[in-house]
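K.L.:
What follows is a predicted structure for the sequence shown.
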Amino acid sequence: MLIDSRQLPDNELLEADVCIVGGGPAGITLALELAQSDLSVVLLESGGMTYDAETQDLYAGPNLGFQYDPLDEARLRFLGGSSNHWAGNCMPLIPIDFERRDWMPHSGWPLTRADLDPFYTRAQSYLELQTDNPYDFGYWAQKLGVTPLSVDPDLLENIGVNESPPTAFGWVYEDQLKSARNLRVFLHANVLEIETDDAAGNVTGVRVACIEGPRFRVSARRYVLCAGGIEIPRLLFLSNRVQNAGLGNGNDLVGRFFNDHAAIRPAMRVLLSRGMDEIDLYTAPRYFETGGLMATLASSEALLRREEIGGFICHLFPASGSPGEESFVRLSRHLRRLEAPPYLSHEIGNLLTDLDGATNAVYKWIGGGRNDLVARDWLAPWLTFEVTPNPESRVLPVDERDRFGQRRVGLDWRLTETELRTVKRATEILAHEIGRIGLGRVWTEVLREDYTWPDHVARGKHHCGTTRMSDDPKTGVVDANCRVHGVSNLYISSSSVFPTHGYANPTLTICALSIRMADHFRDAAQSGRF
């Protein structure tokens, strides 16, 4: 049942067995799994069915660290959450992502990949993915008649990324949410505070408000926070009547270890020495009746263990421009301003080594057209890389207030020389392998000795780590069942619980964790322990 909270009486009390906060992939997957049980469920979604600027503004907050997207643009706040603007790329984390890695501080999950495997399988259908050997790239390459790139398996692996349509959870599952007999979804319901007993050991309710409308309260036996990795810490900080630093924050870990996938787009330019049609599975997804597939190149586990770097993945996207053409444009711009470009030798090098590109640039400049005189096939690979967990990279309260008078949070994200080393080594390996297998000729700035972070480092907007999972409350916010340490009935299902994030997009893992949590709740209910 979908209910507009603005129509409720003021000070209404809603009761349920489970209260879910957040109607994105995590919350909707959990709700639909629990709809198959006898447990009554209330799901609270801040937004409505479509985008609303006033609601979206509740996400706003300052950027206090490394370059990042505006916080009110990084996620979406209406039913379906950020599934309303995602790309649909799905893959599981690899086994090493769950391990404690001596060279990566604060790494290690209290789970293994094998623990999540059955839930990954069940999550496929929620994301409308094909389920026939979904991550066996060799199987699909043979079935599609594709010859995989013959990269050195000790360095790189051919990876099949499963492609969701992409699934917009609010729209795709609207009818199921409406028809579930034991589920009520309240729209325009903004949770302001999690209330607890005097010892902060048990949640007693959540206070909720509409932007224009009533305030009400929800009382449940268990509560699950399914918002993102910035909003969940914010809500815990705001719930500070008993614990001054915020609920679940006795060890000052809430909001710390903020993490995201970062990317250099592009990391290089590749002039193909073979036809684009020979690698078409790498350059664009191929869709089937259900889901799709796209090939990528990723770091091998052997490489990560041997060289002690973070994981990375490379998408071989087609490009229109070339190094010579782009350098001609940059040099022309600087000459018009009567100023020297910052890397003159590099720009001249591009002109001399890509004369065709320079010729195309002159041809377009003189003729005013857009078409190349010399047609060639170029790739502009995107390099996405893992960021090491860092306690100083964090979400924290600021003095700014939202329309409810509550403190906003800011983001202090940090990248270090550790990540830059991963970027440089990954680029070096990719460039070498592209040349060795005869795929093409590579131009890149990344391997310059003076290379540092560019003006724009892309972000996946995958907010991880801020309520990290650990068996020890001194090193994490939630336990292996995603229950907040020290609070008997408060749980979190979100990428915020990821201690590390590898190179894989997080959505499949988020849904797998929600399914696992639903099983845990059902088992507890059936055994009388709920």
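P.N.:
Thanks, I have the structure now. As the structure is a computational prediction, the values presented were derived from the model and not from experiment.

K.L.:
Who are the contact partners of Thr509?
P.N.:
Applying C-beta atoms under 8 Å, 6 or more residues apart in numbering, one finds that Thr509 lies in contact with 92-93, 116, 120, 495, 498. Just so you know, the C-beta spots here come from the backbone N, C-alpha and C atoms, and that holds for glycine as well.

K.L.:
What about the residues you listed, which are in helices?
P.N.:
If you go by DSSP state H, the contacts of Thr509 have 116, 120 in helices.

K.L.:
Could you save the contacts of Thr509 as a markdown table and add columns showing neighbour count?
P.N.:
Converted to a markdown table, the contacts of Thr509 look like this (neighbours: other C-beta atoms under 10 Å):
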| residue | neighbour count |
| --- | --- |
| Pro92 | 22 |
| Leu93 | 24 |
| Leu116 | 21 |
| Tyr120 | 21 |
| Ser495 | 25 |
| Phe498 | 27 |
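
K.L.:
just the strands in the stretch 101-250 of the chain please.
P.N.:
Applying DSSP state E, counting those that start in this stretch to the stretch 101-250 of the chain gives strands spanning 156-163, 183-187, 190-196, 203-209, 215-225.

K.L.:
Nearest to Arg401, out of the ones you listed?
P.N.:
Nearest to Arg401, of all the strands of the stretch 101-250 of the chain, is strand 190-196, at 12.5 Å by C-beta to C-beta.

K.L.:
Convert the closest one to CSV, retaining C-alpha atoms only.
P.N.:
Only the C-alpha atoms of strand 190-196 are listed here, as CSV (Å, rounded to 0.1, in the frame of the first residue of the first chain):
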residue,chain,number,x,y,z
ASN,A,190,11.2,12.5,6.6
VAL,A,191,12.7,10.8,9.6
LEU,A,192,14.0,13.5,12.0
GLU,A,193,15.2,11.4,14.9
ILE,A,194,15.7,7.9,16.2
GLU,A,195,14.3,7.7,19.7
THR,A,196,15.8,5.3,22.3
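
K.L.:
so what secondary structure elements neighbour that strand?
P.N.:
strand 203-209, helix 231-238 (3 or more C-beta pairs under 8 Å, 6 or more residues apart in numbering; DSSP states H and E).

K.L.:
if we go to 10 Å?
P.N.:
In terms of contacts (3 or more C-beta pairs under 10 Å, 6 or more residues apart in numbering; DSSP states H and E), strand 190-196 is packed against strand 12-21, strand 203-209, strand 215-225, helix 231-238.

K.L.:
who does that strand pair up with?
P.N.:
With DSSP bridges as the test, strand 190-196 is paired with strand 203-209 (antiparallel).

K.L.:
give me the low-pLDDT residue ranges for the stretch 401-530 of the chain?
P.N.:
For the stretch 401-530 of the chain, no stretch has pLDDT under 70.

K.L.:
Please, where are all the helices along it?
P.N.:
Along the stretch 401-530 of the chain, counting by DSSP state H, counting those that start in this stretch, helices occupy 417-436, 507-526.

K.L.:
angle of the last one against strand 12-21?
P.N.:
This points to helix 507-526. In terms of direction (axes from the mean of the first three to the mean of the last three C-alpha atoms, to 10 degrees), helix 507-526 departs from strand 12-21 by 130 degrees.

K.L.:
Let's see helix 507-526 as CSV, backbone CA atoms only.
P.N.:
Taking Å, rounded to 0.1, in the frame of the first residue of the first chain, the C-alpha atoms of helix 507-526 are listed here in CSV:
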residue,chain,number,x,y,z
THR,A,507,24.2,-2.1,-6.0
LEU,A,508,24.2,-5.9,-6.4
THR,A,509,25.9,-6.3,-3.0
ILE,A,510,23.5,-3.8,-1.4
CYS,A,511,20.5,-5.9,-2.6
ALA,A,512,22.3,-9.1,-1.5
LEU,A,513,22.8,-7.8,2.0
SER,A,514,19.1,-6.8,2.2
ILE,A,515,18.0,-10.3,1.2
ARG,A,516,20.3,-11.8,3.8
MET,A,517,18.9,-9.4,6.4
ALA,A,518,15.3,-10.4,5.5
ASP,A,519,16.2,-14.1,6.0
HIS,A,520,17.8,-13.3,9.3
PHE,A,521,14.6,-11.5,10.4
ARG,A,522,12.3,-14.3,9.2
ASP,A,523,14.4,-16.9,11.0
ALA,A,524,14.3,-14.9,14.2
ALA,A,525,10.5,-14.6,13.9
GLN,A,526,10.0,-18.3,13.2
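
K.L.:
That one: which residues count as buried?
P.N.:
By 16 or more other C-beta atoms under 10 Å, the buried positions in helix 507-526 come out as 507-518, 521-522, 525.

K.L.:
Then the first one?
P.N.:
Along helix 417-436, these residues count as buried under the neighbour rule (16+ other C-beta under 10 Å): 418-419, 422-427, 429-431, 433-434.

K.L.:
which secondary structure elements does it contact?
P.N.:
Counting contacts by 3+ C-beta pairs under 10 Å, 6+ apart, helix 417-436 packs against strand 156-163, strand 262-264, strand 269-272, strand 292-299, helix 301-307, strand 312-315, strand 382-385, strand 440-443.

K.L.:
can you list the domains in the chain?
P.N.:
Listed domain ranges for the chain are 2-61+76-129+166-250+468-526, 323-375 (source: automatic domain parsing).

K.L.:
Now do the contacts for Thr444.
P.N.:
Contact analysis of Thr444 by C-beta atoms under 10 Å, 6 or more residues apart in numbering lists 264, 266-270, 323, 381, 383, 424, 427-428, 430-431, 451.

K.L.:
And for Glu307?
P.N.:
Glu307 sits next to 103, 155, 299, 421-422, 425-426, 429 when contact means C-beta under 10 Å, 6+ apart.

K.L.:
if we go to 8 Å?
P.N.:
Shown in contact with Glu307 (C-beta under 8 Å, 6+ apart): Arg425.
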